[in-house]
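Chemist: can you look at this prediction? I've put the sequence above it.
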Amino acid sequence: MTALQRPARDAAPVRVPFPVVDEVARHCLQEEEPETVHIEVHLPGRLDEARLRAAFAEALRRHPRVLMREAPGRWYRLRYAWELTAEPDVEVVRFPVPGRNALRDARTRAVTEAPALSSSPPVRLEVVRASGPVEGSEAGDAVGVPPRGTDRPTQDAGCDTVRDRPTQDTTSATMPDHPAPDTGPDTVRGRPAPDTGPDTMPGRPTPDSTSGTVLFLTINHTALDGPACLRVLATAAELYGGRDNSPAAPPVRGAPGTPPPAVAAPSPWSRPARVAPGTPEPSPGNGLLVTELPLPRRPRGAPYTVNDQLMVTTALTLAHWNREHGARPRPLRITMPVDDRPRDAGMPIGNGTRLVEVAFAHEELTADADRMPALLQRTAARTRALKAVPRPQLGRGAALLTAPVTPVAWRAALTRGLRRAAAPWTSTTLLSNIGRIPYALDFGEEAGRAHAVWFSAPARMPRGLTVTTASTAGRLHLALRWSRALLGHGDGAHLRDLFEHYLHTTEVAS
């Protein structure tokens, strides 16, 4: 075990200099929009408080790089540093008092209250019990099981009540590029209703269940990212339930197809489109909406992946939104995290993804069924090429910006100034597709295994919107997170409906 992996057990803690990603994030912290990653895991059963605390504490010890805090230092120091600790400084696992708003409040805390960097570890695990469909809560444990004959309720954080999602008006002019899918009684939001056999799926909670549990893992993104902390949670699940939570093998990808006719990529110097403002809210911070959708169908051996379908869906959704709001047509740039780390127990812990940008010319963003196969294949070619090119996590410029040749306080001021100057060239949005959750997240017989997992990423301006997806139990879990300075909850609900519609159009090629 190296010094970077070993927690300090002596009087003088081991110090690790901030990597490039951590330092840039630390420079740009804002109290109004905390840099948190939120992971939300829904379980069908209950967890024992003492056993969970013990299992999570042991999981932290098995991944000691999580046990860290920002080391104090003077303004003229050359680097920030993490101090590795042998044990947590604070109680990490919390059990909020159950109540009608417990789920909503936990989700709100996850996007508004970042764990402190000065205490080890910079994560917080909240356990919300009795999380069935309670009035005032935006997501129940009956995920994916709408009451018969009704549409499932909207699941958005920050609103006061559960609102039934209105039926989409298929004659409205808000869907000009593609006819809206049928929403008759035999379909759910335009998709064929899955054949679940009995009234409820085996191992899934019923709509009126109040026996489930939701785990909210809130992460300070300056220190750690979602995949790393999901690995820690999988270790805790294995220690708690005694069942194997080893990662599943990654899916087999289809061979690249014949490249479609090339479309000139937008110049990297051209200013990308911004998400058009909706109805901002007066309070600062982020809003959040989560929903569950069917996974998009894709023919076996297709030369594109579900990730490519999600990329196209995101681009079409934002192009439509901007047209509705009269924004000037510009190319879209979507930031995509790429994570090459293994998912086993030896997974490196920290901020381990690198960021690439996928560009779309505004002329190619159409949901025309005849042009969709070519758009999907072009997107697949772009994402494959970007993933194959080795590059620093934030690009070479960030590595130069964080070189320890001047006091870190001076570099912080320079970084913030450059960030403001470069704002017009910041990508339009970020799409983080976690993909299929590789772990069972099985907490044993009483608590059961996860049937829904959501992630959300920070949504600071100038992007102001992030899209995060993951799949569990054959379902797609979508989280939209936005800056309240840009959008409101009604805007989030409309973007969700647009996303669902355009996700369906990517199946035309099948």
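Modeler: Yes, it's here.

Chemist: would you mark the buried spots in stretch 221-229?
Modeler: For stretch 221-229, the neighbour count (16 or more other Cβ atoms under 10 Å) marks 221-229 as buried. C-beta: built from backbone N, CA, C; applies to glycine.

Chemist: compute the first-to-last residue distance for that stretch.
Modeler: End-to-end distance of stretch 221-229: 11 Å, with Cα to Cα, to the nearest Å as the criterion.

Chemist: closest one of the buried residues of stretch 221-229 to R109?
Modeler: Nearest to R109 out of the buried residues of stretch 221-229 is H221 (Cβ to Cβ; 15.3 Å).

Chemist: what sits against that closest one?
Modeler: H221 makes contact with 25, 35-37, 351, 457-458, according to Cβ atoms under 8 Å, 6 or more residues apart in numbering.

Chemist: taking those one by one, which sit in strands?
Modeler: Of the contacts of H221, the ones assigned to strands by DSSP state E are 36-37.

Chemist: neighbour-wise, which of the contacts of H221 leads?
Modeler: Per-residue neighbour counts (other Cβ atoms under 10 Å) across these peak at V37, which has 27 neighbours.

Chemist: just list whatever residues bridge to it.
Modeler: I219 (DSSP bridges).

Chemist: and it, how close does it get to E31?
Modeler: According to Cβ to Cβ, to the nearest Å, V37 and E31 sit 17 Å apart.

Chemist: could you do T353 as well?
Modeler: Look at T353 and E31: by Cβ to Cβ, they are 25 Å apart.

Chemist: buried residues in stretch 268-277?
Modeler: Using 16+ other Cβ under 10 Å as the test for burial, stretch 268-277 gives 272-276.

Chemist: quick check: the two most widely separated of the buried residues of stretch 221-229?
Modeler: Among the buried residues of stretch 221-229, the pair separated by the greatest distance (Cβ to Cβ) is T222 and P227, at 15.9 Å.

Chemist: name the nearest residue to R65, ignoring sequence neighbours.
Modeler: Leaving aside its sequence neighbours, R65 sits nearest to I349 (Cβ to Cβ, 6 or more residues apart in numbering; 3.9 Å).

Chemist: quick check: phi and psi on the one you found?
Modeler: In terms of degrees, to the nearest 10, the main-chain angles of I349 are phi -100, psi 130.

Chemist: wait, it sits on H63?
Modeler: Yes. The pair I349 / H63 is scored as a contact, 5.2 Å apart, by Cβ atoms under 8 Å.

Chemist: could you name every residue contacting both of these two?
Modeler: Going by Cβ under 8 Å, 6+ apart, residues that sit against I349 and also against H63 are 231-232.

Chemist: next, A55: secondary structure please.
Modeler: When classified by DSSP: H, G, I helix; E, B strand; the rest coil, A55 comes out as helix.

Chemist: neighbours around it, how many?
Modeler: Neighbour number of A55 under other Cβ under 10 Å is 22.

Chemist: show me what contacts it?
Modeler: By Cβ under 8 Å, 6+ apart, the contact set of A55 is 236-237, 239-240.

Chemist: could you list the low-pLDDT ranges of the stretch 1-150 of the chain?
Modeler: 1-11, 130-150 (pLDDT under 70).

Chemist: ugh, wrong one, I meant the chain
Modeler: 1-11, 130-211, 251-264, 396, 508-510.

Chemist: which helix in it runs the most residues?
Modeler: Longest helix in the chain by number of residues (criterion: DSSP state H): helix 306-324.

Chemist: quick one: name whatever helix or strand follows that helix.
Modeler: Counting by DSSP states H and E, the element after helix 306-324 in chain order, helix or strand, is strand 332-338.

Chemist: tell me which residues of that next one are tucked away?
Modeler: Neighbour counts over strand 332-338 (16+ other Cβ under 10 Å) mark 332-337 as buried.

Chemist: report the two of these separated the most.
Modeler: Largest separation among the buried residues of strand 332-338 by Cβ to Cβ: L332 and P337, giving 17.1 Å.

Chemist: still on that earlier bit, between the longest helix of the chain and strand 332-338, how big is the angle?
Modeler: Here the directions of helix 306-324 and strand 332-338 differ by 150 degrees (axes from the mean of the first three to the mean of the last three Cα atoms, to 10 degrees).

Chemist: buried sites along helix 306-324?
Modeler: Buried residues in helix 306-324, counted by 16+ other Cβ under 10 Å: 306-323.

Chemist: just give me how far that helix sits from the chain centre.
Modeler: Relative to the centre of its chain, helix 306-324 is centred 16 Å away, using Cα atoms, centre = their mean, to the nearest Å.

Chemist: equivalent analysis for stretch 386-401, please.
Modeler: Stretch 386-401 sits 22 Å away from the centroid of its parent chain (Cα atoms, centre = their mean).

Chemist: residues in contact with it?
Modeler: For stretch 386-401, contacts defined as Cβ under 8 Å, 6+ apart pick out 19-21, 24, 336, 338, 351, 353-358, 411, 414-415, 418.

Chemist: just the ones in strands from the residues you listed, please.
Modeler: Cross-referencing the contacts of stretch 386-401 against strands under DSSP E gives 336, 338, 354-358.

Chemist: from these, which is closest to A114?
Modeler: L355 (20.5 Å).

Chemist: report the beta-bridge partner residues of that closest one.
Modeler: Going by DSSP bridges, L355 forms beta bridges with P337.

Chemist: hang on, it packs against P337?
Modeler: Yes. Look at L355 against P337 with Cβ under 8 Å: they come within range, at 5.8 Å.

Chemist: helices of the protein, start to end?
Modeler: Taking DSSP H as the test, the helices found in the chain are 20-27, 49-62, 102-112, 226-241, 306-324, 372-388, 396-401, 408-421, 489-505.

Chemist: quick one, which of those is nearest to P247?
Modeler: With Cβ to Cβ as the yardstick, what comes closest out of these is helix 226-241 (7.7 Å).

Chemist: tilt between that closest one and strand 332-338?
Modeler: Helix 226-241 runs at 40 degrees relative to strand 332-338, counting by the same axes, to 10 degrees.

Chemist: make 626 the first number, not 1, from now on.
Modeler: In the new numbering, first residue 626, that becomes helix 851-866.

Chemist: ok now helix 851-866, how far from the chain's centre?
Modeler: Between the centre of helix 851-866 and the centre of its chain there are 17 Å (Cα atoms, centre = their mean).

Chemist: which helices and strands sit right next to it?
Modeler: strand 661-668, helix 674-687, strand 748-754, strand 838-845, strand 1054-1061 (3 or more Cβ pairs under 8 Å, 6 or more residues apart in numbering; DSSP states H and E).

Chemist: as CSV, these with distance to W707 would be great.
Modeler: Formatted as CSV, the helices and strands packed on helix 851-866 follow (distance: least, Cβ to Cβ, whole Å):
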stretch, distance to W707
strand 661-668, 17
helix 674-687, 15
strand 748-754, 14
strand 838-845, 12
strand 1054-1061, 24
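
Chemist: alright, I will stop here.
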